[in-house]
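[1] structure, please.
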Amino acid sequence: MTDTSEHTSTPDRHPALVVADGLADAKSLDVVARFGFAVTGVLHILIGAIALRIAFGGAGKADPGGAIELLAQQPFGAVLLWAGFIGCGGLALWQFFEATVRARHLEGGARWSKGIASGSLSIGYGSIAATLARFAVGRGSDSGQSSRDFTASILQWSLGVEVLLAVAAVVTIIGIYFIVKALTKKFKTELHFENSRRGHLMSALGVVGHIAKGVALILLGVLIGVAAVKHSPEESTGLDGSLRALTDQPYGAYALSAIACGLVCYGVFAVVRSRYGRM
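    Okay, the predicted model is just below:
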């Protein structure tokens, strides 16, 4: 019998790639990332509930910071925050591997699209994880003020206006991406949809939720752009400020209510995705 082992050997790969592939395919990372989806879903539900309260004249901060502050006030709040930090941190790492390790197997434009989309989400989830950690150690801050401070610091750079306009463009494009994702129902690849009542319900939640999230991000991007053009950090008030700005417009309370309900829908979708979604 001929020994064929030497003919079936694979080329050596860089050890770093072997380690990265192993981490990306780790079952434990999938479990933590699923929990991270559930955490973000709960946060979106809370943000939507706070926004709905604001639409009817109530108080609160309709942004991740405001939602996290609510969690911190619950029994065992610190435990909830640290658990959320682990989940969102794992989800950020999972998205990073999606943008790098897995995206490298794609071709041309698909690779760039996957890299940009998953890379942006990785940064976003990492930011939420950092906010959870700050609140967990008692260093939570007003997100609107943080946005203004961040904008003010960027505007001090020689190319500060250009950088802020680029940030505004990225946030707006991500918002548009969510709306396109909703209208084309591209999110269906993330869940095992069935031609059933439950499948139709999840599809409806996905459409409404992704549109609401997209609109909220577009509003946020517009405010960042206005702050850059006017060279006025006070115009950059974060997600809470962008949603509150709607109440100053005719029928703004109705628009805010619709977006709030949509964010709740997105949150429910994310929670379901954490259990049944494809990884």
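
[2] quick one, helices of the stretch 151-279 of the chain?
    160-183, 197-230, 238-244, 252-276 (DSSP state H, counting those that start in this stretch).

[3] helices or strands up against the third one?
    Judged by 3 or more Cβ pairs under 8 Å, 6 or more residues apart in numbering; DSSP states H and E, the packing partners of helix 238-244 are helix 27-55, helix 64-72, helix 143-155, helix 197-230. Where C-beta positions appear, they are placed from N, C-alpha and C, glycine not excepted.

[4] may I see the helices of the stretch 151-279 of the chain organised as TSV, with mean neighbour count and distance to residue 71 added?
    Output for the helices of the stretch 151-279 of the chain, formatted as TSV (neighbours: other Cβ atoms under 10 Å; distance: least, Cβ to Cβ, whole Å):
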stretch	mean neighbour count	distance to residue 71
helix 160-183	17	24
helix 197-230	20	20
helix 238-244	24	16
helix 252-276	20	13
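
[5] quick one: which of those has the weakest pLDDT on average?
    Mean pLDDT is lowest for helix 238-244 among the helices of the stretch 151-279 of the chain, at a mean of 88.

[6] ok, residues contacting that one?
    For helix 238-244, contacts defined as Cβ atoms under 8 Å, 6 or more residues apart in numbering pick out 47, 51, 54, 61-66, 143-144, 146-147, 216, 219-220, 222-223, 237, 256, 259.

[7] with distance to residue 190 added, can I get the helices and strands packed on helix 238-244 in TSV?
    Shown next, in TSV, are the helices and strands packed on helix 238-244 (distance: least, Cβ to Cβ, whole Å):
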stretch	distance to residue 190
helix 27-55	9
helix 64-72	21
helix 143-155	28
helix 197-230	8
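
[8] residue 187 is nearest to which of these?
    The closest of the helices and strands packed on helix 238-244 to residue 187 is helix 197-230. By Cβ to Cβ, the value is 4.6 Å.

[9] tell me the angle that closest one makes with helix 27-55.
    70 degrees (axes from the mean of the first three to the mean of the last three Cα atoms, to 10 degrees).

[10] so how far is helix 197-230 off the chain centroid?
    Centroid displacement of helix 197-230 relative to its chain, using Cα atoms, centre = their mean, to the nearest Å, is 11 Å.
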